[in-house]
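>>> next comes the sequence, and after it the predicted model I'd like to discuss.
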Amino acid sequence: MAERVEQEEIFSQVLRAGRRTYFFDVRATKADDYYLTVTESKKFTHDDGTFHYQKHKIYLYKEDFTDFHEMLKKATDYIINEKGDEVISERHQKDFKKEETITVSEDEETPSTDSFTDISFDDI
């Protein structure tokens, strides 16, 4: 399998959007023509606090710019026309904070703080 060698970025822009980050990078081909890579990087946190990033990349070449731009504009215009530009899902709002909740069924007692251990981080 041939390894793809990434070319040096000529121009870059970064869009941070919550757990996702989008990178728009202009690169040069071996023939010194330019193309665009768009990378979505999403952060995943594991239960133990460690994390990893999952990345997805698309390559756009000049011969596809016009069609890609037109289709992206039509798709985004359709969404705005159909649903407006207000974000409906709280999870996708920039200031969304996930709340941790404890679910208690009706036949269970409400948990008290007595069941939790008081730990000082100085002890660790």
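In hand now; what should we look at?
>>> quick one: mean pLDDT for stretch 57-70?
Mean pLDDT, computed over stretch 57-70, is 97.
>>> let me fix that, I meant to ask about stretch 76-84.
Summarised as a single mean, pLDDT over stretch 76-84 is 94.
>>> what does stretch 68-76 contact?
Stretch 68-76 is touched from outside by residue 60, with contacts defined as Cβ atoms under 8 Å, 6 or more residues apart in numbering. In this view, the C-beta of every residue, glycine as well, is placed from N, C-alpha and C.
>>> only C-alpha atoms, please: export it in PDB.
Extracted in PDB, the C-alpha atoms of stretch 68-76 (Å, rounded to 0.1, in the frame of the first residue of the first chain):
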ATOM      1  CA  PHE A  68     -18.900  21.600  -4.800                       C
ATOM      2  CA  HIS A  69     -19.500  25.300  -3.900                       C
ATOM      3  CA  GLU A  70     -22.900  25.300  -5.700                       C
ATOM      4  CA  MET A  71     -24.000  22.000  -4.100                       C
ATOM      5  CA  LEU A  72     -22.900  23.100  -0.600                       C
ATOM      6  CA  LYS A  73     -24.700  26.400  -1.000                       C
ATOM      7  CA  LYS A  74     -27.900  24.700  -2.200                       C
ATOM      8  CA  ALA A  75     -27.800  22.200   0.700                       C
ATOM      9  CA  THR A  76     -27.200  24.900   3.300                       C
END
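>>> how near is residue 21 to residue 66?
Distance, residue 21 to residue 66, using Cβ to Cβ, to the nearest Å: 27 Å.
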